[in-house]
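**Student:** what follows is a predicted protein model with its sequence.
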Amino acid sequence: MLRFVARRFASLLAVLLAVTALAFGAMNVLGDPLFNVVGFIASVDCDAVEAGLVEDVSGQTAGGRGDCEVIAEARREHHLDRALPVRYGYWLSDIVRGDFGTSFKNELPVSDVLRDKLPKSLLLMGVAQAIAVGVAVPWAVAAAYRAHRSFDRASTVGSFGLLAVPNFALGVILFYLFVVRWQVFDSRYDDTDLASRLRSMVLPGLTLGLPAAAVYQRLLRTDLLTTMQEDFVHMARAKGMSDRWIMFRHVLRPSLFSMVTVFGLSTAGMIGGSLVAEQIFTIPGIGRALVEAVIRDDFPIVLGGVVVVATGFVVVNFVVDLLYSLIDPRVRADD
Amino acid sequence: MSATPSPSGPVGPLLSVRDLGVTFRTPDGDVRAVDGVSFDLAEGRTLGIVGESGSGKSVTAKALMNLLPSYADVEGTITFDGRDVRALATARERHFWGVELTMVFQDPMTSLNPVKRIGEQIAECLRVHLGRSRRDASAAALDLLERVGIPEPRKRLRQYPHELSGGLRQRVVIAMALACGPRLLIADEPTTALDVTVQKHILDLLDDLRRERGMSMVLITHDLGVVKGRADDVMVMYGGRTMEHAASGPLFTAMRHPYTSALLETIPRIDAAAHARLVPIAGRPPNPSELGPWCPFAPRCGSRVEACTVEAPPLVDDGTGHRSACFAPLGAGEA
């Protein structure tokens, strides 16, 4: 078991290295980091200035220094004179120490921005997944219990309906019904205490969670029906166990694989969905911050966000891998 | 009722089946899997039910266990110790199965729940039906594992099914079935999925356990050799009908039905000449959906007369309890 965990953990680190390298590379190749640090003067040809071919328009930028001085300092400070892999190394070692750099636009440390925005997004994800699982499991069990009967048929229609509605539409519908029409919830994000935060998360959580619940329900129902055909279920019946006991004690656990797998993968989809949900329900979370940062070319924020999101995704799937071995002892044996 | 009780002991029957019929309603039409099967089984005796695949022997067992799917129509009466089994299906009376009547399935690889420890699976019946404490049930499970001949039983209690070989797993299944001390055990091809070397051990174990507990047993097999010397009575089935039913002695020495004889020919004999060819039954087992009012064995039967293809011969008792259904029984010429 320990070896299993160690191996999965090693592959987790490898995935994170690859993702961050890709993101860092893309940001530095596609954009111009110097421009982002120093602004327009990045276009000054300092080689030409040095050679005396072009006049240095000194004093027009910060501190009255020459543009080239500023550029040289920025290059030094941000290691821009080094090769890309070396810069990645510097950046990575900063990140490991918790230093994500500072935002280009407002000079705030990225880690402060993340610390402020991330918990809200995490809470949203947590609420959304809790709603998804909390709805999907009883729903699938009820459908599988009386498969092909009226409830099962109706829930098939219902789940496909939920899947067909794009989440921005679902979000707007929920917003209209519960905020505008019935005024059950406030339109503003309320950050006063945990209870009010949770309350603010109900509608966005439903926006993200209900479509996921529909996916989980489809998968779990199918797997439950497959497991119910197994000999050991007949055996449990032959031992006189009740249908309910068999469902919860024998059928449910071996049927969780597909759902748990998709639970991990759907985290990625939820990150995308949270951009929409945070916009509609005005939650100052990481999704909104990322969208704004991308629009403003604020690379440190984007990179910091990518690292955090990728880490979250990889960690969730790491946990899913561990869950497999909790669900089924044979996974541990294959190690 | 035309069926007469089978040749069992002086004690009243523990299990009494009368005119059992099972029809599967399928999209391609109704399939008559069991047709007019009647038999009695006295306390402490063993009934062997023998037939090829599709003969209806397993469906008969499932009907006794109330394990047939909802698209199966069951007719006839099943009486266990004076109680109408088919009326016991309510949740409150589920403990009838497991405590009074239970079953061992063909494939030990699939009849154990892969995600539950062996000890837990054996103890389940004791905990649920007899309300025994965890410690008490676990101790009982240990005794059972010891009794069915599993080495290192204490270690096995905490193991999962995949950690055991097929033969050991079938012993676990038997221990599980016996946990609540059933009065009747149905063993459906209990050794078919096992290595030949293990088969005899398992059959002997079942026989020993039956004897020491005074339990009754229905032993279902395709192999007449398995029931020889183990069953008190033998019922031969074909195409969902009873072909011949007699006490074990007369059945093997004075069989009447050509099918019984043909089945016996298929068993390799230890006293036959070396390299003697086995005699297969010509043709193939009938497709239950193609059965008609004629004798199901007629197309493959060497003693077929014209009447066989027109109507099915009735099951006739010769006055000694030896029943057979044939228009041209073996030995009829001499008798």
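**Tutor:** Thanks, I have the structure now. Numbers count the residues shown, from 1 in each chain, chains lettered A, B, ... in the order given.
**Student:** low-confidence stretches in the chain?
**Tutor:** Going with chain A. Applying pLDDT under 70 to the predicted model, the residue ranges of chain A that meet it are A:50-65, A:333-335.
**Student:** let's do chain B instead
**Tutor:** In the predicted model, chain B carries pLDDT under 70 at residues B:1-11, B:89-92, B:332-335.
**Student:** for the closest residue to chain A within it, which non-adjacent residue is spatially closest?
**Tutor:** Using C-beta to the nearest C-beta, the single residue of chain B nearest to chain A is residue B:98, 3.1 Å away. C-beta coordinates here come from the backbone N, C-alpha and C atoms, glycine included. If the residues on either side of it in the chain are set aside, residue B:98 comes closest to residue A:240, at 3.1 Å by C-beta to C-beta, 6 or more residues apart in numbering or on different chains.
**Student:** ok, back up a step: check contacts around the residue of chain B closest to chain A.
**Tutor:** In this structure, residue B:98 makes contact with A:238-241, B:125, B:129, B:180, B:182, judged by C-beta atoms under 8 Å, 6 or more residues apart in numbering or on different chains.
**Student:** which SS state does it fall under?
**Tutor:** On the three-state scheme (DSSP: H, G, I helix; E, B strand; the rest coil), residue B:98 is labelled helix.
**Student:** helices or strands next to the helix or strand where residue A:227 lies in the packing?
**Tutor:** Secondary structure assignment for residue A:227, by DSSP states H and E: helix A:194-228. Secondary-structure packing of helix A:194-228 (3 or more C-beta pairs under 8 Å, 6 or more residues apart in numbering or on different chains; DSSP states H and E): helix A:110-145, helix A:150-164, helix A:167-174, helix A:257-280.
**Student:** and that helix, how far out from the chain middle?
**Tutor:** Once both centres are worked out by C-alpha atoms, centre = their mean, to the nearest Å, helix A:194-228 turns out to sit 16 Å from its chain's centre.
**Student:** so which bits of the stretch 151-300 of chain A are right by chain B?
**Tutor:** Residues of the stretch 151-300 of chain A that fall close to chain B, judged by C-beta under 8 Å from any C-beta of the partner chain: A:230-232, A:234-243, A:245, A:249-250, A:253-254.
**Student:** which among those count as buried?
**Tutor:** Burial of those was assessed by neighbour count (16 or more other C-beta atoms under 10 Å in any protein chain shown); the buried members are A:230-232, A:234-242, A:245, A:249-250, A:253-254.
**Student:** looking at the residues you listed, which are in helices?
**Tutor:** The helices, defined by DSSP state H, take in A:231-232, A:234-238, A:245 from those.
**Student:** which of these sits closest to residue B:191?
**Tutor:** Using C-beta to C-beta, residue A:231 is the member of these that sits closest to residue B:191, with 15.5 Å.
**Student:** any idea how far the residue lying closest to residue B:28 once chain neighbours are set aside lies from residue B:23?
**Tutor:** Counting by C-beta to C-beta, 6+ apart, residue B:289 is the residue found nearest to residue B:28 once chain neighbours are left out, at 6.8 Å. Using C-beta to C-beta, to the nearest Å, one gets 11 Å for the distance from residue B:289 to residue B:23.
**Student:** contacting residues for residue A:136?
**Tutor:** The neighbourhood of residue A:136, defined by C-beta under 8 Å, 6+ apart, consists of A:212-217, A:220, A:259.
**Student:** switch the residues you listed over to JSON lines; also include neighbour count.
**Tutor:** Rendered in JSON lines, the data for the contacts of residue A:136 read as follows (neighbours: other C-beta atoms under 10 Å in any protein chain shown):
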{"residue": "A:212", "neighbour count": "26"}
{"residue": "A:213", "neighbour count": "25"}
{"residue": "A:214", "neighbour count": "23"}
{"residue": "A:215", "neighbour count": "21"}
{"residue": "A:216", "neighbour count": "27"}
{"residue": "A:217", "neighbour count": "28"}
{"residue": "A:220", "neighbour count": "26"}
{"residue": "A:259", "neighbour count": "24"}
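**Student:** can you convert these into JSON lines and add a column each for distance to residue B:244?
**Tutor:** Below are those laid out as JSON lines (distance: C-beta to C-beta, whole Å):
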{"residue": "A:212", "distance to residue B:244": "61"}
{"residue": "A:213", "distance to residue B:244": "58"}
{"residue": "A:214", "distance to residue B:244": "57"}
{"residue": "A:215", "distance to residue B:244": "56"}
{"residue": "A:216", "distance to residue B:244": "54"}
{"residue": "A:217", "distance to residue B:244": "52"}
{"residue": "A:220", "distance to residue B:244": "49"}
{"residue": "A:259", "distance to residue B:244": "52"}
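**Student:** what helix or strand is residue B:35 on?
**Tutor:** According to DSSP H and E, residue B:35 maps onto strand B:29-42.
**Student:** how big is the angle separating the helix or strand following that strand from strand B:29-42?
**Tutor:** Using DSSP H and E, the helix or strand that directly follows strand B:29-42 along the chain is strand B:46-50. Interaxial angle, strand B:46-50 versus strand B:29-42 (axes from the mean of the first three to the mean of the last three C-alpha atoms, to 10 degrees): 150 degrees.
**Student:** CA atoms only: put whatever helix or strand comes next after strand B:46-50 into PDB for me.
**Tutor:** From strand B:46-50 onward toward the C-terminus, using DSSP H and E, the following helix or strand is helix B:57-65. Taking only C-alpha atoms (Å, rounded to 0.1, in the frame of the first residue of the first chain), the coordinates of helix B:57-65 have been written out as PDB:
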ATOM      1  CA  LYS B  57     -32.400 -27.900 -13.600                       C
ATOM      2  CA  SER B  58     -30.900 -24.600 -12.600                       C
ATOM      3  CA  VAL B  59     -34.200 -22.800 -13.300                       C
ATOM      4  CA  THR B  60     -35.900 -25.200 -10.900                       C
ATOM      5  CA  ALA B  61     -33.300 -24.400  -8.300                       C
ATOM      6  CA  LYS B  62     -33.700 -20.700  -8.800                       C
ATOM      7  CA  ALA B  63     -37.500 -21.100  -8.500                       C
ATOM      8  CA  LEU B  64     -37.000 -22.800  -5.100                       C
ATOM      9  CA  MET B  65     -34.700 -19.900  -4.000                       C
END
